[in-house]
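[1] Sequence first, then the predicted structure, then my questions.
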Amino acid sequence: MPSLLALIEIGGYPDFTPIYHEAGYHVEQFTSGRKAISALKRSPADVVVAEFNYQLHFRDRTSALESLLAVVQQHPATRTIIFVHPAEEAAFNQLTARFPVTAVLYHPITAEALRPLLSPAINPA
């Protein structure tokens, strides 16, 4: 069964776990970037779904997502779906200049927009 790692730091959208299961994924959810990174280091996921949570107080990076994507980069087959608030798009674009992602969904996130991105036919660019 393919695996999906979901990093939920803020939320503010529906619980998509039933949709992940419906798409055939074994799901691991984390609320901490550090725990998600540890899990990825132990066992790479087929898909990572995470939020971009821009953190002004970080001196050397924009968010925990930056560290997570650095680990994902070591596993080129892992697909990434990132949830972004439109107000944080400029900071997010700086991040994706260094770390490419498979797909981006802007808030408000809907199940209808997410479902097609979970298909195995979607591959990294």
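    Thanks, I have the structure now. Residues are numbered from 1 along each chain as shown.
[2] any idea where the helices of this structure begin and end?
    For the chain, helices defined by DSSP state H occupy the ranges 17-22, 33-42, 64-72, 89-98, 111-114.
[3] how about these in a markdown table, adding mean neighbour count and mean pLDDT?
    No exception for glycine: its C-beta is placed from N, CA and C like everyone else's. Listed next are the helices of the chain as a markdown table, based on neighbours: other CB atoms under 10 Å; pLDDT from 0 to 100:
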| stretch | mean neighbour count | mean pLDDT |
| --- | --- | --- |
| helix 17-22 | 14 | 96 |
| helix 33-42 | 16 | 95 |
| helix 64-72 | 21 | 90 |
| helix 89-98 | 14 | 89 |
| helix 111-114 | 13 | 97 |
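[4] Quick one: closest of those to Asn53.
    Asn53 lies closest to helix 64-72 among the helices of the chain, at 6.7 Å (CB to CB).
[5] surely Ala39 meets Gly33?
    No - contact criterion CB atoms under 8 Å: Ala39 and Gly33 do not qualify, at 10.7 Å.
[6] so who does the closest residue to His107 other than its chain neighbours touch?
    Spatially, and ignoring its direct neighbours in sequence, His107 is nearest to His85 (5.0 Å; CB to CB, 6 or more residues apart in numbering). His85 sits next to Phe52, Tyr106, His107 when contact means CB atoms under 8 Å, 6 or more residues apart in numbering.
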